[in-house]
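In: with the input below, show me the fold.
(3 chains)
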Amino acid sequence: MGRAMAEAIKLRDAVAFSGSFPLLSGVNLTVGVGEIVLLNGANGAGKTSLLRALAGLVSITQGSISVLGYDLRQERRSVRREVSLLGHQSFLYEDLDATENLAFWLKAEDTRDDRIAEAFSRVGLTDRLLVTPVSKLSTGQRRRVTLALLYARNQRLWLLDEPHAGLDASGRETVDSLILDASHSGTTVVFASHELDHARTVATRSVLMSGGAIAADVKDQTEGGAANGS
Amino acid sequence: MHRFGQAHSRADQIQRSLGLLALVGMIATIWLGLFITPPDQFMGDLVRLIYIHPPLAWVAFIAYGMNFLASLAYLWPRTRDLRWDQLAGASAEVGVLFTGLTLVTGSIWGRPAWGTWWTWDPLLTTTALLFVLYLGYLALRRVPDDHELRARRSAIAALIAFIDVPIVYFAVLWWKSLHQAPTVLNPTTHKTYIHGSMAWTLLLGFIAFTLTYAWMVMIRYRLGAIETRALESQVSSALRDRQLEGSHE
Amino acid sequence: MVRDALRIARKDLRIEWRTRVTAYQVIPFAVVVIVLFGFALGPDPQRLEPAAPGVFWLAVLLASVLGVQRSVAIELREGAIDGLRLAGFDPAGIFLGKLCALSGQLVILEVLLGVITAIVFQVSLASFWLLIVATLVATLGIVAVGLLYGVLLASSRVRETLLPLLFFPVVAPVLIAGTKTWQAAIAKHASTGLGWLELLVVFGVVYCCIGIVSFGPLMEDA
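Out: Model prediction:
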């Protein structure tokens, strides 16, 4: 149940404030369906704010913003159902275990839902870990749980804030393969990362942010995913 | 940047006239109240507090009513404007001041009349609770945050508090009425003894205090407006700085 | 809305079951409060007995603040509240779910506390139906106000100190009405308690409605 559109994301001079501090100072960005975009930039450049704005969590006060066909200045809440955000916080309930978390967040009827088992096996989480409370899992394991949720929800737009952070080599491979698979099935992915060399092998395009706006936009010639021209 | 008292002369005029009228009204009330009106049969000169205490309470209730309406106006999408929030805040501050004074004058009145500094009189008790309720509201307004966020939070807190007021009043009223209240003179039911010059003075008192309230709210409101203007210019320069930060990299 | 409410309520109760915070921390705290009041008011039964209902409700109110803080804190850890917004949970459902879960926990506390109060303060309880209904309704009202302020202050750094200051004046009528209904129940004059019960119902309905309507906007700022 989505809206037909040419671009997945379109921002024009978008401005967002937190109090009197401008998080975004005029972002211009267009992303086509199925692209994999790497968001690059120093700390404080506005990467997290941009991702949150695209998820409809931060309100844009000037300019225009359209995500998956939704005008976020009119209906900020509607887009959330079709977007997955992977942030610095895990959004998990620490006192529950991974299975219970997924059952809750997926709004499943119970924990025996097939999607859950499949998601866990996809991200490589074994049985024992599935029944320990999240608070007892390592950062990497928690990240895998959130990746499992990401995979299971299967939304059209993925917004990932430093998805590789805290993961070992196999974890990073998992992230990469998840992103590539998703892109092949039509999901648009925007992810922020400091690990440029690694990230560039996945992304089809690299965007540099600075001072709350886009400073540079580079399309990689290397094969990274099924991207439309834009 | 505007210099205080320069550009908005019309608002200044209104403010000055309000202040003047209020002052005249207060002086007249005090003069009439202290010297011209007669002392009461039973309470003697103590009755002169009637020109202060009920008007103070009246103004306090107006202030909270205003706070409620302004908060509603802010929350209503079509009339959303930070100025309503300013008005709500200004009104609440003046309201808390007048509420405090109401409690003090009520207490002073009660002491010679009943021998205690405090009785659980329904109106006075409700007023005491209002005092604390709105102190909390003011504490909430002090939390440093984005102005829009603070305005929204305060407005909803104001609603929660105001809707509680009638409930509190009835609860305290029933609570107290279960204890056969002493049939000694009760200041709040004293109206039957008011006549002639006392009535006019009382009316004048109400008017004078209301004018004082309006004058104080206006001053506080304009102070808040200056703060907001300062913030707006700060916001635009912050935006420019951030954009420059981007182009330098 | 109802489905979301049930999910949230189940989730909150499951977390409580795992961590036993209400059971092992809040209930003992309330018991301590009752005992301390016993010390404060003296061993003379003539003084203790009339004070029992008031002390009970004070202990409940103090425990409620703890409960609300905990309920809100659960959502703020790891940003679950943002997750709830993103996952499209109906805010009114979230409010109702948390309301039911926390009220349920408090009711268990109240039963225990009621028994303990009766013992420590040496009163005999009768007119149980009045007690039960009044206590239930009062609890819903208290929790509604608590959750409203809790989420209002969620993004504020001073939530822990500001919540009690805002909460207690607003629930003062519940303290009065709750105490009066218990007194009526003890004195076996159920009819006098009915008026107070009405007030509790009005309070509960008003603040539950406010909660249902404003939880969404409040969450957006959290």
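In: quick one: the top helix by length along chain B to chain centroid distance?
Out: If you go by DSSP state H, chain B has its longest helix at helix B:197-247. Averaging C-alpha positions (Cα atoms, centre = their mean, to the nearest Å) puts helix B:197-247 14 Å from its chain's average.
In: near chain B, which residues of chain C?
Out: C:145, C:148-149, C:152-153, C:155-158, C:162, C:165-166, C:168-170, C:172-173, C:176-177, C:180, C:195-196, C:199, C:202-203, C:206-207, C:210, C:214, C:217-218, C:221 (Cβ under 8 Å from any Cβ of the partner chain). In short, each C-beta sits where N, CA and C put it, glycine included.
In: state the number of residues packed around residue 77.
Out: With no chain named, the answer covers chain A. Using other Cβ atoms under 10 Å in any protein chain shown, A:Arg77 has 16 neighbouring residues.
In: wait, chain C was what I had in mind.
Out: Counted with other Cβ under 10 Å, the neighbours of C:Arg77 add up to 16.
In: quick check, it in contact with A:Glu94.
Out: Yes - counting by Cβ atoms under 8 Å, C:Arg77 touches A:Glu94, with 6.1 Å between them.
In: next one: the spatially most central residue of chain B from chain C, what distance?
Out: Residue closest to the mean C-alpha point of chain B, counted by Cα atoms, centre = their mean, is B:Gly95 at 1.8 Å. Applying Cβ to the nearest Cβ, to the nearest Å, the value for B:Gly95 to chain C is 14 Å.
In: and that residue, that's in a helix?
Out: Yes - checked against DSSP: H, G, I helix; E, B strand; the rest coil, B:Gly95 lies within a helix.
In: quick one, what contacts it?
Out: Contacts for B:Gly95 (Cβ atoms under 8 Å, 6 or more residues apart in numbering or on different chains) come out as B:59-60, B:62-64, B:66-67, B:134.
In: got the residues of chain A near chain B?
Out: Counting by Cβ under 8 Å from any Cβ, chain A sits next to chain B at A:15, A:17-22, A:25-26, A:42, A:45, A:210-213, A:215.
In: how about A:Leu54, what does it touch?
Out: By Cβ under 8 Å, 6+ apart, A:Leu54 lies in contact with A:9, A:65, A:67, A:83, A:157, A:159, A:190.
In: the same query, at a cut-off of 10 Å, please.
Out: Counting by Cβ atoms under 10 Å, 6 or more residues apart in numbering or on different chains, A:Leu54 makes contact with A:8-9, A:11, A:14, A:27, A:29, A:31, A:60, A:65, A:67-68, A:72, A:79, A:83, A:85, A:157, A:159, A:190.
In: what of B:Gln13?
Out: Neighbours of B:Gln13 in contact, by Cβ under 10 Å, 6+ apart: none.
In: okay, and the residue most central in space within chain A sits in which element?
Out: Centroid-nearest residue in chain A, with Cα atoms, centre = their mean: A:Leu159, separated by 1.8 Å. Using DSSP states H and E, the element containing A:Leu159 is strand A:157-161.
In: following that strand, which helix or strand shows up next?
Out: Downstream of strand A:157-161, the next assigned helix or strand under DSSP H and E is helix A:169-184.
In: and that next one, what's buried?
Out: A:171-172, A:174-176, A:178-180, A:182-183 (16 or more other Cβ atoms under 10 Å in any protein chain shown).
In: and which of these is nearest chain C?
Out: A:Ala182 (17.4 Å; Cβ to the nearest Cβ).
In: that closest one against A:Leu86, yeah?
Out: No - with contact defined as Cβ atoms under 10 Å, A:Ala182 does not count as touching A:Leu86 (12.0 Å).
In: got CSV for the contacts of B:Gly95, with distance to chain A and pLDDT too?
Out: Listed next are the contacts of B:Gly95 as CSV, based on distance: Cβ to the nearest Cβ, whole Å; pLDDT from 0 to 100:
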residue, distance to chain A, pLDDT
B:Val59, 34, 90
B:Ala60, 33, 90
B:Ile62, 33, 90
B:Ala63, 28, 93
B:Tyr64, 28, 93
B:Met66, 27, 93
B:Asn67, 24, 93
B:Tyr134, 25, 92
